[in-house]
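**Student:** how would this look folded up:
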Amino acid sequence: MAGGGSLARVWLPYCGAAPEPGALAERWNLDPVLLAGLALAVVAYRLAVPAARRRPRPFFAAMAVLVVLFVSPFCALTSALFAARSAHHALLVAVAAPLLAAACPGANRLLRLPLWGWTAVSILVLWAWHVPGFYAAALSSDAVYWLMQVTLLASATGFWAAVWRASPASAVGALLAAMVQMGLLGAILTFASVAFYAPHFLTTAAWGLSPLEDQQLAGLIMWAPAAALYLFAALYVAGRWLAVESAPAAR
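**Tutor:** As a prediction, this is how the structure comes out:
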């Protein structure tokens with residue numbers, strides 16, 4: 001028990017100590033620095049992006065996703081469950097990021113790295129933060145935590161911006177590659193016989209899960225719904241491509 005108490009003191013996640021189920025609804029994160037950063041992002045969007053290039057709907061939809069991830073009690077839940085953290089990462093890289101990339105399409109020209117470069121970078125960043133040692137560091141230091149979040153969001157936004165400006169064939173190929181790597185990471189977590197992530201060894205029991213079950217649930221989230229987001233995007237791009245190709249024939 002002494003060792004368990006020592007472990008409990010090591011992990012100091014940005015979102016706070018792991019909550020009990022009954023206390024989750026009260027765990028809003030009202031960090032003034034975070035709230036000021038979100039407000040500054042809105043102001044910067046209005047000032048830095050010319051009105052003709054703004055797409056406010058995807059931008060504010062992305063901001064709403066970020067509020068859910070970092071302000072709502074979902075933030076505290078990620079301190080308790082690795083499965084919640086996996087859902088958090090999926091929403092960050094496959095929902096918030098494409099919305100941000102779509103919100104200011106003119107800025108896409110500033111991202112000179114080619115599509116397959118962004119694909120490789122985004123995959124590398126995602127896999128790196130799932131290395132147990134790096135993940136543990138992110139739950140031990142606010143600075144490393146925000147390094148994780150910023151690099152995940154930035155690399156994914158670069159990927160999606162490159163997708164939106166690429167040819168349909170290249171975009172579909174990159175999206176399918178992203179889907180496969182997300183599913184592969186999820187499968188590894190699902191079929192592992194041991195739990196990898198020490199910060200959650202003492203936090204899952206209150207939620208009716210062992211650390212291994214929590215990790216398996218996280219893997220299933222990445223393997224199915226998270227990977228499916230890339231598949232749906234690939235089907236959307238392919239559908240528009242086919243519609244454009246078939247239009248001349250219809251005439």
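
**Student:** please make it C-alpha for all contacts and neighbour counts, starting now.
**Tutor:** Noted.

**Student:** quick one: low-confidence parts of the stretch 151-251 of the chain?
**Tutor:** 245-251 (pLDDT under 70).

**Student:** where along it do the helices fall?
**Tutor:** For the stretch 151-251 of the chain, the helices defined by DSSP state H, counting those that start in this stretch cover 168-191, 211-221, 227-250.

**Student:** now render those helices as TSV, adding mean neighbour count and distance to residue 117.
**Tutor:** Below are those laid out as TSV (neighbours: other C-alpha atoms under 10 Å; distance: least, C-alpha to C-alpha, whole Å):
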stretch	mean neighbour count	distance to residue 117
helix 168-191	19	10
helix 211-221	23	26
helix 227-250	14	17
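
**Student:** redo those as CSV? Include distance to residue 38.
**Tutor:** Listed next are the helices of the stretch 151-251 of the chain as CSV, based on distance: least, C-alpha to C-alpha, whole Å:
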stretch, distance to residue 38
helix 168-191, 28
helix 211-221, 27
helix 227-250, 25
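
**Student:** and of those, who's closest to residue 145?
**Tutor:** Of all the helices of the stretch 151-251 of the chain, helix 211-221 sits nearest to residue 145, with 18.8 Å by C-alpha to C-alpha.

**Student:** export only the CA atoms of the closest one, formatted as CSV.
**Tutor:** Written as CSV, here are the backbone C-alpha positions of helix 211-221 (Å, rounded to 0.1, in the frame of the first residue of the first chain):
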residue,chain,number,x,y,z
PRO,A,211,-5.8,-1.1,-15.8
LEU,A,212,-5.6,-3.8,-18.5
GLU,A,213,-9.4,-3.6,-19.2
ASP,A,214,-9.0,0.2,-19.4
GLN,A,215,-6.2,-0.1,-21.9
GLN,A,216,-8.1,-2.6,-24.0
LEU,A,217,-11.1,-0.3,-24.1
ALA,A,218,-8.8,2.5,-25.2
GLY,A,219,-7.5,0.3,-27.9
LEU,A,220,-11.0,-0.5,-29.1
ILE,A,221,-11.8,3.2,-29.3
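
**Student:** contacts for it, please.
**Tutor:** Helix 211-221 is touched from outside by 81-87, 185-196, 200-202, 204-205, with contacts defined as C-alpha atoms under 8 Å, 6 or more residues apart in numbering.
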